[in-house]
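S.K.: My questions are about this predicted structure, shown below with the sequence.
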Amino acid sequence: MSVPGVEHPSAALDRETLLQVAQTLSTGLAIVETERWGVLFENAAFFKWFPPQNDADEPLTVRMPDFKPDRAVSRTQGGRTYAFEVESESGGRNIPITVEVRLLQDGDEGRLVLECRDISKQAEYMLESYSSLAEKNARDLQREKERVERLLLNVMPRSV
């Protein structure tokens with residue numbers, strides 16, 4: 001993207017630099033071919049979340065059992081994104097991962113890009129938010145109960 005009035009260096013990033021950058025991302029990234037569902041490229045995060053179990057050349061459908069290849073192909077060929085959630089075991093705990101699958105925009109219809117994100121922080125935030133909301137509602141309810149009780153005591157004797 002060019003910005004008017006700002007000059008960019010003419011040197012382009014080389015392939016090796018781009019691969020190094022991809023390996024450092026906290027987002028999982030993979031490129032797969034749809035003929036045999038082989039993984040052509042994966043970064044470190046994707047490998048950590050969806051490692052091969054037995055064979056280094058395991059297809060994506062084995063490494064990611066919740067992946068639905070037919071649905072991914074039909075959605076991406078229609079110009080849409082195929083998205084789903086899956087859990088990955090890492091470090092003895094299950095991590096919720098959201099996966100978005102898109103057609104690779106290189107002119108080759110048989111390649112897809114998978115972008116995976118750890119949504120555990122998002123889930124923790126939502127849980128904390130709902131917990132705070134529930135606590136606030138409980139406090140409001142308790143205050144209202146005390147107010148109603150005071151009104152009743154003003155109208156009726158305590159023995160009633």
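M.R.: Nice, thanks for sending it over. Numbers count the residues shown, from 1 in each chain.
S.K.: so what does the worst-scoring helix or strand of the chain on mean pLDDT touch, helix or strand wise?
M.R.: Here the helix or strand of the chain ranked lowest by mean pLDDT, DSSP states H and E is helix 120-155, holding a mean of 76. Applying 3 or more CB pairs under 8 Å, 6 or more residues apart in numbering; DSSP states H and E, one finds that helix 120-155 makes contact with strand 93-103. Yep, even glycine has a C-beta here, placed from its N, CA and C like the rest.
S.K.: Break this structure down into its domains, please.
M.R.: The chain resolves into domains spanning 18-118, 120-160 when parsed by automatic domain parsing.
S.K.: right, so those domains: which one is the most enclosed?
M.R.: Stretch with highest mean neighbour count among the domains of the chain: domain 18-118 (a mean of 15; mean count of other CB atoms under 10 Å).
S.K.: What mean pLDDT does that one get?
M.R.: Domain 18-118 comes out with an average pLDDT of 87.
S.K.: ends of it, how far apart?
M.R.: Distance across domain 18-118, first residue to last, is 22 Å (CA to CA, to the nearest Å).
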